[in-house]
Every structure is written in C-alpha cells, then in structure tokens.
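[1] fold the following for me, if possible:
(chains A and B, ligands or ions: 3)
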Amino acid sequence: MSTTASDAGTTPPGVSVPELPPAFQVSKREQKTLPNWALKVAMAITGTFGALFLVLHLVGNLKVYTGAEHFNDYALWLRHVGEPLIPANGVIWILRCALALCLLVHVTCGVLIWTRGRAARGKFPAKRNNGFRSVGATLMPFTGCALLVFIVFHILDLTLGTQPIATADFQDHTETAAFAYQNLVADFSRPWAAAIYLVMMALLSVHLAHGLFTVVSDLGAVGKRLRAILIAIGGLLALAILLGNASIPLAVQLGVLK
Amino acid sequence: MKLTLQIWRQENTATSGHYETFEVDQLDSGMSILEMLDRLNEQLIHAGKESVQFESDCRESICGCCGLTVNGRPHGPQPHVTTCMQRLRMFTDGSTVRIEPLRSASFPVLRDLIVDRSPLDRIIAAGGHVAVPAGTAPDPEAMLIDHTHVERALDFAACIGCGACVAACPNGAAALFTGAKVTHLSMLPVPSVERKNRAEHMVATMEENFGPCSQYGECANVCPQEVPLTAIASLQKERLKSFFAARI
Ligand code: HEM
Ligand code: SF4
Ligand code: FES
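    Ligands and ions are numbered 1, 2, ... in the order given. Alright, predicted model coming up:
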C-alpha cells in the first residue's frame, strides 16, 4: 500500500484553520527542547526509582526489630558490600549519586510542569470536584517541597549527625563498627523528632499515592487489567512505606525499641 | 420556579468582563439551562437591552458547542451531561446560579459566554483525520475487526469536542480530548497506518496551546461522553511508540 503518512501533519485541502488567538501560546523553542510528554516520562522514571529505593530503605529500616546487633551489622555491611571488587563505601556512594541525580531531574521537571500548568490555566481558580485524586494532585508540589526539606534534615540528623539536629551523643561509624541502632533510638526518644518523622511519612505517602497512580498513565499502561494491577501495587507501596516507617518512631516512643 | 442569575458579561476579548445579576421568574424545573437563558434574553430584548450571547446548536448533546461554567463546574452540576441537557431541577427554587464561560488561558472570551475554542481544531487539523488513500470500499469481510474492539474504538470516537475537559483541568490541559482522538484512530486498521506521525504532530500541536497533564482526573469527571482517563495513558503510549519507532 502506498501511504502518504508524511502528509499527516498538514492540513487537508479545503479545511481552513482559524488564525491562532494570541491568548496563550508556548514558545516553539521551549516546547521543542523540553516537551511536556517527555518531562512526564522523566518524572515517572525518576519518581519510580525513588519509590523503589524507598522500598529497599524500608526493608533495611525494619531490620531494627531484629535487635541492635543485627541492625548495626547491616549498617556496616552496606559500607563494605561488594568488597574487594568494589572499594569500601563504593555501593553506597553509587546509590547516593544516582539518587541525587534522580532528585535533580525530578524537581526540575516538577517545577516546569507546575509553572506551565498554572500558565495554561490562566488566572482562574482551580476546580476541584474529583475528591481525593484531585487533592492529591494539587498537593504534589507542596508535599514535594516538604520532602526536599526533609531529605536534607534526615541526612543531617541520622547520616552526618550534625548538631543541633542530631542528638548530642551521636556516634559516627568506624571501619569496624556501626552505631545506627543507638543513634536511631536516641533520636526518636525526643518526642519532637518522632513527630517530625511521623508527619513526614504521612506527607511522603500522600506524594507517593498520587505519584505512583500518575506513573501508570505517564508510561502508557492502557490495558484494563494492567492498569488495575499497577494502580493497586502503587497504592500498596505507599501504604507499606507509611506504616512500616512510621512504626519505628512510634515503637521508640512506646518503649518497644530501647 | 425563580432563580437569581449572575452572568459573565464581556464586550470582546480585549476588554475585561464582569458579572451582571438578573432575576428570572416563572421557570419550569424541566427547562434546560439554555432554555432559561433564552427566557432571560426574551426579557432583555423586551426591555430594549443587549441580550446575553451564548453558543448552542443541536441542544441534544451532539454538537459540543454549548459548554458553559455553571456554579464553578464545566457544563453544570450534573456530571457527564452537556449544558444543553442540564435541567433546572438541579437547583433549589430561589437560589443563585453563577454562569460564566469555559475558563482556560487558551480559550479567550469572544463575547459574554462565547469562547474561542479553535486551538482544539488545530489539534485535529494536525492529524485527527485519515490522510492515507483508502481506495474504494473493500469487499465485505475482507478486513475482519473484532466487534467489541470496534465498540471500544467508537467509545473514544464519541468525543464531541466541547472543551469541558480543558476548562475543568487545573493545568489547562487538552490531554483527554487529544487522547480520545488519537486512541480512536490508533485502534482501527486504516487510520492506524499513520499512527506514528499522528501522535507526534497532534501532541506537538496540543502542547503549543495547552498545559501538561498531572492526572487530577477532573476532565473525565465532567466529560459528557464519559471518555475515560485511559485515553491519556494511550496518548502517552502512542507518543512514546512514535519516539522509539525506527527511522531509517
Ligand atoms: C522521596 C522522594 C520522592 C519520590 C519517591 C517522589 C515520587 C514521585 C512520583 C512517583 C511522581 C509521579 C511522577 C509522574 O509520573 O509524573 C511524583 C510526582 C511529582 N513530584 Fe515527586 N517524589 C519525590 C520527591 C519530590 C520532590 C523533592 C519534589 C519537589 C520539590 C517533588 C515534586 C513532584 C511534583 C510536583 C510531582 C507532580 C508532577 C505532575 O504534576 O505530574 N517530588 N513524585
Ligand atoms: S473529551 Fe469529553 S470533555 Fe473533552 S472535548 Fe471531548 S467530549 Fe468534551
Ligand atoms: S448544544 Fe449541541 S451539545 Fe449542547
């Protein structure tokens, strides 16, 4: 069959297209270099990578219930995994760099999508008639910004042990010993610190609940069954990350972990 | 029944508009919102005043030109129903109803309640048609298509181009509209021949005038033809396929 597929973008004869109103137009250059559909794919990939990291992180965190020795051994293992093939701290630094890159891409795309969306809507109030879904979508930039602040806080608190965020008796790990368990219990014994982590886990799961729903469409899943399964997995992940992580500061506050 | 109407009045695109309040009496709860506006205009014309300009044609959910924002909701309070089919029984007697045009930066107001929706036409002109020479009609049953598959394709073809999805969207996106057309054509054998170019051109034209989709789901919530959100996933899928398609 001979096709004229290359003509698909041209206007068929006899059809006149009205002149474009000057009301709202995105510059061709901006549109060509960073089209929205590609930004959405980038957000979906980096967001999913982040969510998968959070699942690994959760599994690691839950080892706290297996006792101080086991948890500290795990923290030490993370720093020496792959030796001697990979130098000490190698794996952890590769992961940190990948996550930082993802975060950079994710936040940049998020800012672009948000500002472009505001411009395209115009100066009219947003309509919210779609319940939880719409509220979750509205909150994305806000839960996102809270996460950004929290990521910095969390690193200062439990990785670097920077005062005054970390506890006074924070102990850094050495070549042969880690004190992750002691640091964690001391940290969450402070009610305000436990409260911050609880609130942040709630915001994180709100971000993930809508984010992982969005991923399904952004990566083009159309089949009814496939969509249902992926949406369910996303919801369960958001819930697991909330319940699993939030249980730890609660357990410390309730005296289950000492 | 009696209603107080707050109606958007605007001379033209260049001027800024305002709300004007009217009282309309002796309405029937079975009347449509458009019939109520007809009644109002009769009153205005009798009084020698300028009538309220709005668009309508079929008044039976086919043409897609009647969309208004009623009490902050595109088309009106009843989900999935065009303005011309929304009945006054949705409102309590004596209440105030606010009527404004479909709101979006890409839909400039031409006059009162009429907006320019031509950016949607541009998306269709960019590829929402069949440009391959399809030849004469094939022999019956020469090209078999599963019946339910055709029905699904036609569910996406049902879009009437009303623009309510754009007006409902907090991002001013036209993804549901574009997705409906792209999906419909990608599901059928002859039009699907052009799917790669179609997705590329229609998405590019869409992005010239409309925002990105953040999955608020407001569009599918108002769509009179109940086009599902899957149309948007399908649009991304078609665009990605087009991106990765081999070019020799
Ligand atoms: C813990 C780290 C984070 C994870 C796991 C995460 C995850 C996700 C996921 C999965 C999505 C859906 C992506 C899509 O398909 O479009 C998303 C969307 C979004 N994220 Fe994040 N995110 C994180 C941090 C952040 C941060 C720090 C910001 C910004 C300050 C942010 C802002 C946004 C915004 C604005 C959206 C919505 C994009 C849209 O409107 O479509 N996120 N996030
Ligand atoms: S997708 Fe629905 S709401 Fe949007 S233009 Fe088509 S019929 Fe109207
Ligand atoms: S007037 Fe035709 S759809 Fe309402």
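
[2] okay, CA-based contacts and neighbour counts for the rest of this
    Noted.

[3] how deep is the residue nearest to B:E50 when sequence neighbours are not counted tucked in, by neighbour count?
    Distances taken as CA to CA, 6 or more residues apart in numbering or on different chains place B:L44 nearest to B:E50, at 6.5 Å, with adjacent residues excluded. Counted by other CA atoms under 10 Å in any protein chain shown, the residues lying close to B:L44 total 15.

[4] would you say B:L44 is within a strand?
    No: B:L44: not assigned to a strand; according to DSSP: H, G, I helix; E, B strand; the rest coil it is helix.

[5] how about residue 153, what does it touch?
    Since you didn't name a chain, this refers to chain A. Each residue near A:F153 by CA atoms under 8 Å, 6 or more residues apart in numbering or on different chains is listed here: A:I165.

[6] oops, chain B please
    B:A153 touches B:T183, B:H184, B:L185, B:M187, B:L188, counting by CA under 8 Å, 6+ apart.

[7] let me see the contact set for the closest residue to B:L113 other than its chain neighbours.
    In space, and not counting its chain neighbours, B:L113 is closest to B:P101: 4.5 Å by CA to CA, 6+ apart. Shown in contact with B:P101 (CA under 8 Å, 6+ apart): B:W8, B:G67, B:L68, B:T69, B:V109, B:D112, B:L113, B:I114, B:V115.

[8] and B:P101, its phi and psi?
    The phi/psi pair for B:P101 (degrees, to the nearest 10) reads phi -70, psi 170.

[9] SS state for B:K196?
    helix.

[10] from ligand 3, how far out is it?
    For B:K196, the distance to ligand 3 (CA to the nearest ligand atom, to the nearest Å) stands at 31 Å.

[11] verify the stated contact: that residue with B:A246.
    No: applying CA atoms under 8 Å, one finds B:K196 not in contact with B:A246, separated by 10.3 Å.

[12] how about residues contacting stretch B:30-45?
    B:24, B:27, B:50-52, B:56, B:83-89.

[13] now these: which count as buried?
    Burial by neighbour count, 16 or more other CA atoms under 10 Å in any protein chain shown: within the contacts of stretch B:30-45 this picks out B:V24, B:L27, B:S51, B:V52, B:S56, B:T83, B:C84, B:M85, B:Q86, B:R87, B:L88.

[14] and the residues you listed as TSV, adding secondary structure and pLDDT?
    Shown next, in TSV, are the buried ones among the contacts of stretch B:30-45 (DSSP: H, G, I helix; E, B strand; the rest coil; pLDDT from 0 to 100):
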residue	secondary structure	pLDDT
B:V24	strand	96
B:L27	coil	96
B:S51	coil	97
B:V52	coil	97
B:S56	coil	96
B:T83	helix	98
B:C84	helix	97
B:M85	helix	97
B:Q86	coil	97
B:R87	strand	97
B:L88	helix	97
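
[15] which parts of chain B belong to which domain?
    According to automatic domain parsing, chain B comprises the domains B:3-111, B:117-245.

[16] to A:F142, which of the ones you listed lies closest?
    domain B:117-245 (14.1 Å; CA to CA).

[17] and that closest one, is it in reach of ligand 1?
    Yes: on the criterion CA under 6 Å from any ligand atom, domain B:117-245 is in touch with ligand 1 at B:S214.

[18] hmm, stretch B:229-236 touching ligand 2?
    No: using CA under 6 Å from any ligand atom, we find that stretch B:229-236 stays clear of ligand 2, coming within 8.8 Å at best.

[19] now that stretch, how far from the centre of its chain.
    Relative to its parent chain, stretch B:229-236 has a centroid offset of 17 Å by CA atoms, centre = their mean, to the nearest Å.

[20] then that stretch to PDB, C-alphas only?
    C-alpha atoms of stretch B:229-236 as PDB (Å, rounded to 0.1, in the frame of the first residue of the first chain):
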ATOM      1  CA  LEU B 229      -8.600   8.700  31.700                       C
ATOM      2  CA  THR B 230      -7.200   5.700  29.800                       C
ATOM      3  CA  ALA B 231      -7.300   8.000  26.800                       C
ATOM      4  CA  ILE B 232      -4.400  10.000  28.400                       C
ATOM      5  CA  ALA B 233      -2.300   6.900  29.100                       C
ATOM      6  CA  SER B 234      -2.900   5.900  25.500                       C
ATOM      7  CA  LEU B 235      -1.800   9.300  24.300                       C
ATOM      8  CA  GLN B 236       1.500   8.900  26.200                       C
END
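
[21] list the contacts of that stretch.
    A:37, A:216-222, B:156, B:175-176, B:178-180, B:182-183, B:199, B:217, B:220.

[22] out of the residues you listed, which end up buried?
    A:37, A:216-222, B:156, B:175-176, B:178-180, B:182-183, B:199, B:217, B:220.

[23] okay, now the unreliable bits of the chain?
    Let's take chain A. Applying pLDDT under 70 to chain A flags the ranges A:1-23.

[24] around ligand 1, pick out the residues from it.
    A:40, A:43-44, A:47-48, A:50-51, A:107, A:110, A:113, A:140-141, A:144-145, A:147-148, A:208, A:211-212, A:214-215, A:218.

[25] just the ones of those in strands?
    Cross-referencing those against strands under DSSP state E gives no overlap.
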